[in-house]
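> A structural model of the following input is requested.
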Amino acid sequence: LIVRSPELGPWTGGSTGINRSGDNFYALNPLPEDFTIKLGTIVYNSDAVWIRLVAWVVVALAALLVWQLMRSPWGRVVKGVRENEDAVRALGKNVFAYKMQVLVIGGVLAGVGTIFAIMPTSLQPDNYGTQTTFFLWAILLLGGAATVLGPIVGSMIFWALLALTDGFVSLGVNNGILPITTLQSGQIRYMLVGLALMLLVIFRPQGIFGKKSEVMFNA
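This is a model prediction of the structure:
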């Protein structure tokens, strides 16, 4: 509400957001303007290929960083904190300090993830609502908590399923199969994601790549 206020319009754009927010980033694109990649019926232009190259490089570097950290002595202490704080504290480790370090590292990785904000042609405050947090939890539980590849693969599967369900629901509404309106069809996918999230927690709390012994959902 603060960002959308007219008083902050000169800086935030108010309710209309910030248009052409990715111009500076796309200006760094080294690919020629006529460069395209075609995958079936999907065609990626130069800017689309550039944003995906940068995004996947960032994902690879972040995954390598987390993998190396968790294999280090520091990572073993963090795993110990996750399993039993009292036992780690009894060994003379500062549990609070380790928690703060994990929080800071997670915040840095989340900040790097704001590359997501570069992709839209217009930055809108409504794009970053509570549904984003809901999606992130679904991705984490789908791929598997306490894993490196889990959230990466989980995000790919999640967004594919989200797009497919949205497409099938819209198709059903347009053909008169589903007795709902077009406006209501956009909310159906959230219900389906919520249902999938509940089923995951109940039947496979460790996710696709996770180990049941390393998560606490089964407790």
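> drop to CA atoms for contacts and neighbour counts, all remaining ones
OK.
> Spell out for me which residue occupies the centre of the chain.
Computing the C-alpha centroid of the chain and ranking residues by Cα atoms, centre = their mean puts L136 first, at 4.8 Å.
> Phi, psi for N19 please.
Backbone torsions of N19, given as degrees, to the nearest 10, read phi -90, psi 150.
> list the contacts for the nearest residue to it once chain neighbours are set aside?
With Cα to Cα, 6 or more residues apart in numbering as the criterion, N19 has its nearest non-adjacent residue at 4.2 Å, and that residue is S122. By Cα atoms under 8 Å, 6 or more residues apart in numbering, S122 lies in contact with G17, I18, N19, R20, S21.
> Got the confidence number for S122?
In this model, S122 is scored at 74, pLDDT.
> quick one: the residue lying closest to K212 once chain neighbours are set aside from G194, how far?
Nearest residue to K212 in three dimensions, chain neighbours excluded: Q206, at 5.0 Å (Cα to Cα, 6+ apart). Q206 is 17 Å from G194, where distance means Cα to Cα, to the nearest Å.
> Please identify which of those two sits among more neighbours.
Q206 (27 against 15; other Cα atoms under 10 Å).
> where's that one relative to L1, distance?
Q206 is 37 Å from L1, where distance means Cα to Cα.
> May I see the buried residues of whichever strand or helix holds V57?
Counting by DSSP states H and E, the element that carries V57 is helix 46-71. Within helix 46-71, the residues that qualify as buried are S46, D47, V49, W50, I51, V58, V59, A62, A63, V66, M70, counting by 16 or more other Cα atoms under 10 Å.
> Also stretch 104-113?
L109.
> Now find how far off-centre that stretch is within its chain.
12 Å (Cα atoms, centre = their mean, to the nearest Å).
> partners of the helix or strand bottoming out on mean pLDDT in the chain in the sheet?
Sorting the helices and strands of the chain by mean pLDDT, DSSP states H and E puts strand 122-123 at the bottom, at a mean of 76. Take DSSP bridges as the rule and strand 122-123 pairs in its sheet with strand 18-19 (antiparallel).
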